[in-house]
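[1] how does the following fold in three dimensions:
(2 chains)
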There are 2 protein chains.
Amino acid sequence: MRMSEAPVIELPPEVAAEMHSAAEAVDRHLAAYVGGLDAPSALREAVEYALLGGGKRVRPVLAWFSCKAMGAPGERALAAAGAVELIHAFSLVHDDLPAMDDDDLRRGRPTLHIRFGEAMAVLAGDFMLALAFDLLHRPPPVGPPHQLGARLARELSRATGEMISGQVRDTIPETDPALTGLERVVTIHRGKTGALIRAACRMGAMCGLPADAPENEPRLEAITTYAQSVGLMFQIVDDLIDVEHASEHTGKRTRKDAPAGKLTYPGLVGVEASREEIERLRSAGVQALRRVGEPARALESVAGYLASRTR
Amino acid sequence: MRMSEAPVIELPPEVAAEMHSAAEAVDRHLAAYVGGLDAPSALREAVEYALLGGGKRVRPVLAWFSCKAMGAPGERALAAAGAVELIHAFSLVHDDLPAMDDDDLRRGRPTLHIRFGEAMAVLAGDFMLALAFDLLHRPPPVGPPHQLGARLARELSRATGEMISGQVRDTIPETDPALTGLERVVTIHRGKTGALIRAACRMGAMCGLPADAPENEPRLEAITTYAQSVGLMFQIVDDLIDVEHASEHTGKRTRKDAPAGKLTYPGLVGVEASREEIERLRSAGVQALRRVGEPARALESVAGYLASRTR
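    All right, here's what the predicted structure looks like:
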């Protein structure tokens, strides 16, 4: 059974349109920010190549809609969304390095180290990591709403550490000898992918809440539960796409994880059980949003879209 | 004429003792912080190898004494000092990578990628970069005094960006075609080395000042001027050491910059003129401290020590 036979959850046209415009708004925000940096032009060019060369902008879109779910305009989450995307972009550039996954193609284009050389790929990745925190500490409107910078940075630095820990667990198989295969793959996925998706949603929600909203604000907790489900789901979908689709379709080499001996969810439990888990996680995420109510309706649709995407 | 013939500025014994105890206090602070992280043990081990394996702790010491120069106890700067050292340690690990300087020895030990593999060196470097910002956003006493986190993080993220920009200028010679050789080497040194030393001093001073001290606080400005002089001076001294000393003495390969075609200050103006510039910068730095008065006396001694060090 192929992904394309899976039930496709229709995205309401107004949500689709807003996803598109949110992604564009974040791209513009990032382009203006990077364009204004006092940095060598070669470095700026490499960052723009990595950061503004397409991509689904899943994390920025989640930050935007999580902010709106709190009843605030999505624009309030622009800096948070941009910072999360900078971390995501940095991680891709370093993951693609010869010492790591050794990928030469991403989104149908040469990876950064192929295009600009390996030294620049190391440095541009480092630079984007630092820029994420620079952006969070800029004054508005480039940076986030007043008084939120430290809180957002705390969230993002923690998630970045978890993401890198996940990458270590994935790269160095003997890291967690006590775990079963499935425990390991879930731990890796929650780190490598889930942590940053959780940060995107939580940071977006924080931008939409009063600056002094407590950590146990019920809607923030609901968004956190949603994000944890959707984050793991997102990576299982990614695994499935990698298993089932050909290189022309995704613009990157596929089935690359299996020969490298990396664990994947469908590799351990099969395609059918992976599908069921995706649906279970989507449903759990949507369930959590009940406590937020109507303004979170778009996040429900986004979960459905992410569950049924085929690339 | 060899470095050892240069006039050695005596470090008052009480300053030497406090440098030593400040370095130890920062090491303990970092060791406790890293030891408490929820991260894979292999990753923590790599970070400890890079972070706690010796080194002069120049930046933490400068942060400590800059805090004391404001009339506050040096302990108030521990988190700031640790964050700066995390950035420094990350930059060394990535600089040593095969794609960069390709060094296999540092401080007399195998570099991190030799010891733990190249993938771990990329990841541990990334991790330390993220940890610097995590540390700055922890609550006290692990993190900095209340309300200072955002201000310190802004300072550190900017300096990290400048440091990486300097590294790009150094690695990719065609970055600044309009500059003369000497302008280029000064620009590179101010970025690669000066920016983080400036951040160390300014962050230390910020920890010693009231949280709402204005940006143009005269003593903060004085420390900034001091740091800018000492930062450039420090790297010229480093260049001289690299030119003049043998590998046994410094614990890393020397003269490595010349064959790689990298610009050095003595390579452009000679050893004698480099010495004169070191003395001029030391004196300018000390001059700036006059506005701070007696509590800055130790920073004067540190400048002298850094000017005359031979390793």
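[2] contact partners for A:Arg309?
    Going by CB atoms under 8 Å, 6 or more residues apart in numbering or on different chains, A:Arg309 touches A:Val237, A:Ile241. For glycine as for every other residue, the C-beta is placed from the backbone atoms N, C-alpha and C.
[3] ugh, wrong one, A:Pro210
    With CB under 8 Å, 6+ apart, A:Pro210 has no contacts at all.
[4] check the secondary structure at it for me.
    coil (DSSP: H, G, I helix; E, B strand; the rest coil).
[5] repeat that for the one 3 residues further on.
    Secondary structure of A:Ala213, reduced to three states by three-state DSSP: coil.
[6] so A:Gly208 touches A:Ala63, yeah?
    No: the pair A:Gly208 and A:Ala63 fails to qualify as a contact (CB atoms under 8 Å) at a distance of 9.7 Å.
[7] find the residues that touch each one of those two.
    Joint contacts of A:Gly208 and A:Ala63 (CB under 8 Å, 6+ apart) are A:Ala77.
[8] near chain B, which residues of the stretch 101-250 of chain A are found?
    A:113, A:117-123, A:125-127, A:129-131, A:133-134, A:136-138, A:149-150, A:153-154, A:156-158, A:160-161, A:164-165, A:167-169, A:171-172, A:174-176 (CB under 8 Å from any CB of the partner chain).
[9] select only the buried ones of those residues in ChimeraX?
    A single ChimeraX command selects the buried members of these (16 or more other CB atoms under 10 Å in any protein chain shown):
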select /A:113,117,118,119,120,121,122,123,125,126,127,129,130,131,133,134,136,137,138,149,150,153,154,156,157,158,160,161,164,165,167,168,169,171,172,175,176
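[10] if you average pLDDT over the strand or helix carrying A:Leu62, what comes out?
    Assigned by DSSP states H and E, A:Leu62 belongs to helix A:58-69. Average pLDDT, helix A:58-69: 98.
[11] elements contacting it?
    helix A:13-35, helix A:78-95, helix A:195-208, helix A:218-244, helix A:297-308 (3 or more CB pairs under 8 Å, 6 or more residues apart in numbering or on different chains; DSSP states H and E).
[12] which residues are in contact with it?
    Taking CB under 8 Å, 6+ apart as the rule, helix A:58-69 contacts A:18-19, A:22-23, A:25-26, A:73-74, A:76-77, A:80-82, A:84-85, A:88, A:196-197, A:200-205, A:207-208, A:219, A:223, A:227, A:230, A:234, A:289, A:292, A:295-296, A:298-299, A:302, A:306.
[13] tally of neighbours for A:Leu52?
    Per other CB atoms under 10 Å in any protein chain shown, the neighbour tally for A:Leu52 reads 16.
[14] which phi and psi does it have?
    Backbone torsions of A:Leu52, given as degrees, to the nearest 10, read phi -120, psi 20.
[15] swap in the one 3 residues further on?
    With angles defined as degrees, to the nearest 10, A:Gly55 sits at phi 110, psi 160.
[16] leaving out chain neighbours, which residue sits closest to A:Glu75?
    A:Ala25 (7.0 Å; CB to CB, 6 or more residues apart in numbering or on different chains).
[17] how much space between the one you found and chain B?
    23 Å (CB to the nearest CB, to the nearest Å).
[18] that residue - how many residues pack around it?
    Neighbours of A:Ala25 using other CB under 10 Å come to 20.
[19] verify the contact between it and A:Ala79 for me.
    No: contact between A:Ala25 and A:Ala79 fails when scored by CB under 8 Å: they sit 11.4 Å apart.
[20] list the contacts for A:His29?
    Applying CB under 8 Å, 6+ apart, the residues contacting A:His29 are A:Leu78, A:Ala79, A:Ala81, A:Gly82, A:Val142.
[21] for A:Asp134, which non-adjacent residue is closest in space?
    Closest to A:Asp134 by CB to CB, 6+ apart is B:Ser157, at 3.9 Å.
[22] name the element the one you found belongs to?
    Assigned by DSSP H and E, B:Ser157 falls in helix B:149-171.
[23] between the helix or strand following that helix and helix B:218-244, how many degrees?
    With elements assigned by DSSP H and E, the helix or strand that comes after helix B:149-171 is helix B:181-189. Here the directions of helix B:181-189 and helix B:218-244 differ by 120 degrees (axes from the mean of the first three to the mean of the last three CA atoms, to 10 degrees).
[24] coming back round to it: between A:Gly208 and A:Ala63, which one's more packed in?
    A:Ala63 (35 against 28).
[25] so, low pLDDT: which residues of the stretch 151-300 of chain A?
    A:245-261 (pLDDT under 70).
[26] how near is the spatially most central residue of chain A to A:Ala130?
    What sits nearest the mean C-alpha location of chain A, by CA atoms, centre = their mean, is A:Arg59, with 4.2 Å. Per CB to CB, to the nearest Å, A:Arg59 is found 18 Å from A:Ala130.
[27] before we move on, back to that, which among the contacts of helix A:58-69 end up buried?
    A:18-19, A:22-23, A:25-26, A:74, A:76-77, A:80-82, A:84-85, A:88, A:196-197, A:200-205, A:207-208, A:219, A:223, A:227, A:230, A:234, A:289, A:292, A:295-296, A:298-299, A:302, A:306.
[28] which non-adjacent residue is nearest the residue nearest to the centre of chain A?
    A:Ala200 (4.0 Å).
[29] what's the one you found in contact with, if anything?
    So A:Ala200 contacts A:Arg59, A:Pro60, A:Leu62, A:Ala63, A:Ser66, A:Ala80, A:Ala81, A:Val84, A:Ala227 (CB under 8 Å, 6+ apart).
[30] at 7 Å instead, please
    By CB atoms under 7 Å, 6 or more residues apart in numbering or on different chains, the residues touching A:Ala200 are A:Arg59, A:Leu62, A:Ala63, A:Val84.
[31] likewise for A:Arg297?
    A:Arg297 neighbours (CB under 7 Å, 6+ apart): none.
[32] same question for the one 10 residues further on.
    Under the criterion of CB under 7 Å, 6+ apart, the neighbours of A:Ala307 are A:Ile9, A:Met233, A:Val237, A:Ile278, A:Glu279, A:Arg282.
[33] so the third one sits right up against A:Ile278, yeah?
    So that's A:Val237. Yes: in this structure, A:Val237 is within contact of A:Ile278 by CB atoms under 7 Å, at 5.9 Å.
[34] stretch A:90-107: which residues count as buried?
    A:90-101, A:103, A:106.
[35] got a list of what A:Ala50 touches?
    A:Ala89, A:Val93, A:Leu112, A:Ala124, A:Met128.
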